[in-house]
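[1] Using only what follows, build the 3D model:
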Amino acid sequence: MSVDGTLDAASLARIFLTRVIEPGDETAGRWLRERGPEELARRLREGGRRLPGATHKRWAGLLARAARAEPEQDWAAARDAGMRFVCPGTADWPAQLDDLGDARPIGLWVRGRPSLRMWALKSVALVGARACTEYGAHVAATLAADLAERGWVVVSGGAYGVDGAAHRGALGAGGATVAVLACGVDQPYPRGHSRLIGRIAEQGLLVGELPPGEHPTPSRFILRNRVIAALTRGTVVVEAAHRSGSLVTARAAARLGRLVMGVPGPVTSGLSAGVHELLRGEAILVTDAADVVELVGDMGELAPDRRGPVLPRDLLEPAARRILAALPARGTASPAEIARGAQTTQDDAVGRLYELRSLGFVERHGDGWKLTRQAITAGRQDHLRC
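    The predicted model follows:
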């Protein structure tokens, strides 16, 4: 595209092809690679001899679409809607999409001001169930907000459930988010997300393979997922049943050599069954943004160590802990009994007992020793931690 917004012949040919060829069509992708966009567009316009790999029926369908395609009108409609068209090899094209090979998008329709290529360099996909639980929505929104605050771009599909929660979480944190749509990016779909999609267009990016006015279909949703997987450094699945489009995204990411991550859920929830299946295979368990960034971020971006609170007993020397463990939970014990329980001498036991008394763990009653209320409480906490 030139500075004044006009298109060169190759870009116009690609716009024509987005109207004729369905996303992810590897046979047509091979034609495009071998012949180039202008030659392939000319072949389809003129209705010549069918190309290798196409049946008579399919070729006739492509020619019928080509006869109705009007790329100049699509480009005019796109510009009126604030859209631009990004072609492979241009400055704003995310090179990681080339990993899709012949299934690479013909081009991408983009709505929003930021650079798609720059945003994609530091992006994470966050996907999951449409009919998610409150747990799934909370986890998705929190993860997205925390990733956005750390400077990561959150990519999802704009759908109900986990997708919507992820977009809202990133936007609410003042961060960046990209919605990859299975329809024309001038079409607010689903309709219930019209307002959200408008916010994403203003603060982030809407991206799609289909020309203006095109509607989604089940197959387009599935094929859209490969773009989400390829565009990002890794895919996080929050909730997904065994038959879920989110698992398609995750497996596409795995095939492309991207990281696949999963957030575990209740073992009783069918909406987490697909995630748990992933975690038994190619996925890595994550619970927060720090875990995700450690995996997809730069070297040295490590998650903090996970450990429980430090209890008073943790600060004692091992010998003192053995003496403390030798005291009964109730009543008193003599120094000789405590020494036998701790497998030490009576003199050592007496010395340790006085040390523990100064720290508030034990108290003396005549010739015997017993635990204080503080020590009993600390022991219960230590037992709960096991």
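
[2] Show me which positions of stretch 94-108 end up buried.
    Under the neighbour-count criterion of 16 or more other CB atoms under 10 Å, stretch 94-108 has 94, 96, 97, 100, 103, 104, 105, 106, 107, 108 buried. All C-beta atoms are positioned from the backbone trio N, CA, C, and that covers glycine.

[3] hang on, isn't the last one packed against residue 206?
    No. With contacts counted by CB atoms under 8 Å, residue 108 stays clear of residue 206, the gap being 10.3 Å.

[4] quick one: residue 339 and residue 201, what's the gap?
    76 Å (CB to CB, to the nearest Å).

[5] and the residue nearest to residue 50 when sequence neighbours are not counted, how many neighbours?
    Leaving aside its sequence neighbours, residue 50 sits nearest to residue 59 (CB to CB, 6 or more residues apart in numbering; 3.8 Å). Number of residues near residue 59 (other CB atoms under 10 Å) recorded here: 17.

[6] pLDDT at residue 59, what is it?
    In the predicted model, residue 59 carries a pLDDT score of 94.

[7] Please identify the helix or strand for it.
    If you go by DSSP states H and E, residue 59 is part of helix 56-68.

[8] Kindly report the same for residue 84.
    If you go by DSSP H and E, residue 84 is part of strand 83-86.

[9] follow-up on the earlier one: from the buried residues of stretch 94-108, which is closest to residue 181?
    Using CB to CB, residue 108 comes nearest to residue 181 of those, at 10.6 Å.

[10] so what's the backbone phi/psi at that closest one?
    Reported as degrees, to the nearest 10, the phi and psi values for residue 108 are phi -130, psi 130.

[11] how about the nearest residue to it, chain neighbours excluded?
    Counting by CB to CB, 6+ apart, residue 108 lies nearest to residue 86, which is 4.7 Å off, once chain neighbours are set aside.

[12] Thought residue 110 was touching the one you found, still the case?
    Yes. Residue 86 is in contact with residue 110 according to CB under 8 Å; the separation is 5.5 Å.

[13] shared neighbours of the two, which are they?
    92, 116 (CB atoms under 8 Å, 6 or more residues apart in numbering).

[14] the strands in the stretch 251-386 of the chain, which residues?
    Assigned by DSSP state E, counting those that start in this stretch, the stretch 251-386 of the chain shows strands spanning 259-262, 284-285, 362-365, 368-371.

[15] Return the most buried member of those strands.
    Across the strands of the stretch 251-386 of the chain, averaging neighbours per residue (mean count of other CB atoms under 10 Å) puts strand 259-262 on top, at a mean of 26.

[16] Direction included, what does that strand pair against?
    Applying DSSP bridges, strand 259-262 is found paired with strand 234-237 (parallel), strand 284-285 (parallel).

[17] now that strand: how far from the chain's centre is it?
    In this view, strand 259-262 has its centroid 7 Å away from the chain centroid, taken as CA atoms, centre = their mean, to the nearest Å.

[18] Just after the helix holding residue 59, pick out the following helix or strand.
    Downstream of helix 56-68, the first helix or strand assigned by DSSP H and E is helix 71-80.

[19] Name the residues that touch that following helix?
    With CB under 8 Å, 6+ apart, helix 71-80 has contacts from 5, 7, 12-13, 15-16, 18-19, 84-85, 109, 186, 211-213.

[20] Show the buried residues in these.
    Among the contacts of helix 71-80, those buried by neighbour count (16+ other CB under 10 Å) are 7, 12-13, 15-16, 18-19, 84-85, 109, 186, 211-212.

[21] As CSV, those residues with pLDDT, secondary structure and distance to residue 282 would be great.
    As requested, the buried ones among the contacts of helix 71-80 are exported to CSV (pLDDT from 0 to 100; DSSP: H, G, I helix; E, B strand; the rest coil; distance: CB to CB, whole Å):
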residue, pLDDT, secondary structure, distance to residue 282
7, 81, coil, 41
12, 96, helix, 41
13, 97, helix, 38
15, 97, helix, 37
16, 97, helix, 38
18, 97, helix, 32
19, 96, helix, 36
84, 96, strand, 35
85, 96, strand, 35
109, 97, strand, 31
186, 93, coil, 36
211, 96, coil, 35
212, 95, coil, 37
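
[22] And the furthest pair within those residues?
    13 and 186 (21.3 Å).

[23] Residue 283 contacts residue 237, correct?
    Yes. Using CB under 8 Å, residue 283 makes contact with residue 237 at a distance of 7.1 Å.

[24] between these two, who's got more neighbours?
    Comparing residue 283 with residue 237 by other CB under 10 Å, the one with more neighbours is residue 237, at 28 against 25.

[25] ok, that one - contacts?
    Residues in contact with residue 237 (CB under 8 Å, 6+ apart) are 127-128, 246-247, 249-250, 260-263, 274-275, 278, 283.

[26] repeat that with 10 Å
    The contact partners of residue 237, by CB atoms under 10 Å, 6 or more residues apart in numbering, come to 125-129, 162, 244, 246-247, 249-250, 253, 260-263, 272, 274-275, 278-279, 283, 286.

[27] ok, now residue 167?
    Going by CB under 10 Å, 6+ apart, residue 167 touches 126, 140-141, 144, 154-159, 177-179, 193, 196-197, 199-200, 203-204.

[28] Would you write a PyMOL line that selects the buried entries of those?
    A single PyMOL command suffices to select whichever of the contacts of residue 167 are buried according to 16+ other CB under 10 Å:
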select buried, resi 126+140+141+144+154+155+156+157+158+159+177+178+179+193+196+197+200+203+204
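
[29] Now intersect the contacts of residue 167 with the strands, please.
    126, 154, 155, 156, 177, 178, 179 (DSSP state E).
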